[in-house]
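Enquirer: just a sequence and a predicted model for now, questions to come.
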Amino acid sequence: MINALRCPWRAAGWRAALGVFVVGTMSNVAIGQSIAPKPAGPGTLIGMVTDTLGQPLADVSVELASVKRRTRTNADGAFRFDSLKAGPFEVTTRKLGYVAEMYGVTVRPEGGSLYIKMVRLGTYLPSMVSTAERGGLSGILGDTTYRPVGGVKVRVLGTAFAAESDSTGAFFLPLSPGQYMVVLERDGFARQRVGVSIPENEGRKIAAWMVPMIGRPNPLEGANLFDLGQRTMRVSPATSRFLTREDMQKQGLDELQEVARLYAGRFPQPDCMVIINGGPRMLPLWQISAADVEFVEVYLPSNVGGAGVRGVTSIAGRPTTLTTSTSVRPPISQECGVGLIAWLR
């Protein structure tokens, strides 16, 4: 999930303690033991992103919200924006497993540059989904010290399927091929969500690490997940789509904009907004890539209003009669051409 953005230039002491500095100058500037790259010329903003040990971080999302521009760092942790006007910008960096940050930088007539260190979330370990020879869904659940965790409730939203991990952390569910949102819950641990696509003729296996709970469970998240389960049971498969990160990768959909374009039949407008994690929070579509997403709901314009029979779907596998209403789906906006709800990693 995306963490609240920090503003390091408003917390100089905290920034200095971590060795995080921002540069928008004409020449190389030493930062601790790191050096900001030299500006590449007029209209350019270049930079380097590393962890707190100075190791380059690849695939970091770097955003300029004021001009709706986004790029990702390469294998060397470097990024670049071209064709910028001189002036101040706010730069946001995000990467799974690291604290999201916001920085200020000035692009001068000669260009601008900056050096960023990102702080790892010490207890975060992303879940992994791999192929299994056995059909259905199996998994191994552990804690952040890699010890197995039993008693984890495994729920598949929109279905009657549920299981509990045994003393070795293992579980199995005989799911049919389809797209699913799987929820992992146990007292004392944070709730986890995993999007899973089970193809024909093979199964899937989850490896997930339960993170100790800090504070109390978020009741809004629980309510939003309940609503997701209702939607997966109620909406018509003819006018809705459920995609996991694996689905988007297989279809070559690197950006959520490409998902909207595929199903709307046109390019979405720049101010298209996406509901995040069931709401009420929303983000501009351009800010979200497939790498950020665990599961996405897509609703087509004809899915608004009316009544009908659901038919057989990949989620529940049996027909359901219902009266549809906009209360269970996002509105279809002119800006997007479709309704979108993105569940972030």
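Expert: Here it is on my side, so go on. Residues are numbered from 1 along each chain as shown.
Enquirer: remind me which residues of the chain are low pLDDT?
Expert: Applying pLDDT under 70 to the chain flags the ranges 1-35, 122-124, 302-329.
Enquirer: that one: helices as residue ranges?
Expert: Here the chain has its helices, by DSSP state H, at 12-18, 219-234, 245-250, 256-264.
Enquirer: can you redo those as TSV with distance to residue 189?
Expert: C-betas here are computed from N, CA, C, even on glycine. Formatted as TSV, these follow (distance: least, C-beta to C-beta, whole Å):
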stretch	distance to residue 189
helix 12-18	28
helix 219-234	14
helix 245-250	22
helix 256-264	29
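Enquirer: so which of those helices is the most packed in?
Expert: Highest mean neighbour count of the helices of the chain: helix 256-264, a mean of 21 (counted as mean count of other C-beta atoms under 10 Å).
Enquirer: and the closest residue to residue 337 other than its chain neighbours, what does it touch?
Expert: Distances taken as C-beta to C-beta, 6 or more residues apart in numbering place residue 264 nearest to residue 337, at 2.8 Å, with adjacent residues excluded. Residue 264 makes contact with 336-338, according to C-beta atoms under 8 Å, 6 or more residues apart in numbering.
Enquirer: out of the residues you listed, which comes closest to residue 67?
Expert: residue 336 (20.2 Å; C-beta to C-beta).
Enquirer: for the closest one, which non-adjacent residue is spatially closest?
Expert: residue 272 (4.0 Å).
Enquirer: next one: residue 121
Expert: residue 97 (5.6 Å).
Enquirer: wait, isn't that neighbour in contact with residue 120?
Expert: Yes: look at residue 97 against residue 120 with C-beta atoms under 8 Å: they come within range, at 6.2 Å.
Enquirer: mutual contacts of those two, please.
Expert: By C-beta under 8 Å, 6+ apart, no residue touches both residue 97 and residue 120.
Enquirer: to residue 132, which of the helices of the chain lies closest?
Expert: Proximity to residue 132 (C-beta to C-beta) singles out helix 245-250 among these, at 13.6 Å.
Enquirer: picking up where we left off before, ok, the residue nearest to residue 336 - contacts?
Expert: 257, 260, 284-286, 333, 335-337, 340.
Enquirer: export the residues you listed to CSV and tack on distance to residue 179?
Expert: CSV is the format used below for those (distance: C-beta to C-beta, whole Å):
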residue, distance to residue 179
257, 20
260, 18
284, 25
285, 21
286, 24
333, 23
335, 26
336, 21
337, 21
340, 15
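Enquirer: what is the nearest of the residues you listed to residue 151?
Expert: The closest of those to residue 151 turns out to be residue 340 (C-beta to C-beta; 35.3 Å).
Enquirer: could you find the closest non-adjacent residue to the closest one?
Expert: In space, residue 340 is closest to residue 274, 4.6 Å off (C-beta to C-beta, 6+ apart).
Enquirer: show me what that neighbour bridges to in the sheet.
Expert: residue 283 (DSSP bridges).
Enquirer: measure it to residue 299 for me?
Expert: According to C-beta to C-beta, to the nearest Å, residue 274 and residue 299 sit 12 Å apart.
Enquirer: same check, this time on residue 64
Expert: 30 Å.
Enquirer: just want to know which of the two has more residues nearby.
Expert: When neighbours are counted by other C-beta atoms under 10 Å, residue 64 and residue 299 differ, and residue 299 comes out ahead with 25 against 18.
Enquirer: which residues are in contact with stretch 181-192?
Expert: Contacts of stretch 181-192 (C-beta under 8 Å, 6+ apart): 127, 137, 141, 143, 149, 151-158, 193-196, 206, 208, 210-214, 217-218, 221-222, 225, 228, 232, 242, 294-295, 343.
Enquirer: any idea how far apart the tips of it sit?
Expert: Stretch 181-192 has an end-to-end distance of 10 Å (criterion: C-alpha to C-alpha, to the nearest Å).
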